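Engineer: got a sequence here, can you build the structure:
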Amino acid sequence: MGTIDEVLVALRRVIRATDLHSKHLSKTTGLTSPQILLLQAIRNKGEVTIGELADEVSLSQATVTNILDRLEKRDLIYRERSTEDKRKVHAYLTENGVEVLKNAPIPLQDQFARQFKDLHDWEQTMIISALQRIAQMMDAEHIDASPVLDIGLIDRQSTESEKPTALSENKKND
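Structural biologist: Have a look, this model is predicted:
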């Protein structure tokens with residue numbers, strides 16, 4: 001196997017691992033990685049605003065609001081307007097949300113982060129540099145992305161303004 005093939009196989013394995021983990025999360029919890037990350041952020045931060053959540057998980061406020069809408073419909077979170085500042089809305093876990101998190105598998109990026117932190121600084125730098133170069137070679141360096149290892153649309157509902165990426169198009173052709 002040539003070096004290009006080795007790179008493509010490694011990339012495909014990363015995509016496939018992300019896909020398999022996403023499917024596992026969906027089967028075991030009925031939730032996506034971003035949904036679980038938001039539930040975890042709400043649990044970890046306590047009283048938290050939508051803006052703070054968006055910053056915490058590196059997603060836009062609009063995306064966070066859409067995901068919270070879905071979580072609220074499933075009775076996993078509830079939102080309340082601040083009594084001190086009526087412009088702010090805080091998100092809280094429901095008892096169902098707490099239970100779901102107790103039984104949820106660890107998100108793939110958490111597993112990755114633990115192992116990445118154990119690497120030497122030079123290894124971390126090489127991985128970052130190589131991945132940034134790959135993103136540039138795939139014309140993907142300007143694609144908005146959060147540090148969430150998940151496939152497809154972040155909230156699983158597309159809008160007319162969203163266009164599939166090259167990776168998602170390739171995935172359809174597998």
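
Engineer: low-confidence ranges, the protein, go.
Structural biologist: Applying pLDDT under 70 to the chain flags the ranges 144-174.

Engineer: which helix or strand contains A91?
Structural biologist: If you go by DSSP states H and E, A91 is part of strand 89-93.

Engineer: buried ones in that strand?
Structural biologist: In terms of neighbour count (16 or more other C-beta atoms under 10 Å), strand 89-93 has its buried residues at H90, A91, L93. C-beta here means a position set from N, CA and C on the backbone, and glycine is covered the same way.

Engineer: which ones are touching the last one?
Structural biologist: Remark: with contacts taken as C-beta atoms under 8 Å, 6 or more residues apart in numbering, L93 is in contact with L39, I42, R43, L76, I77, L101.

Engineer: thinking again about what came up before, now the buried residues of strand 89-93 in TSV, with distance to D118?
Structural biologist: TSV is the format used below for the buried residues of strand 89-93 (distance: C-beta to C-beta, whole Å):
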residue	distance to D118
H90	36
A91	33
L93	31
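
Engineer: out of those, flag the one nearest to N66.
Structural biologist: A91 (13.1 Å; C-beta to C-beta).

Engineer: in the helix or strand where I15 lies, what counts as buried?
Structural biologist: Element membership of I15, judged by DSSP H and E, is helix 3-29. For helix 3-29, the neighbour count (16+ other C-beta under 10 Å) marks I15, T18, H21, S22, L25, T29 as buried.
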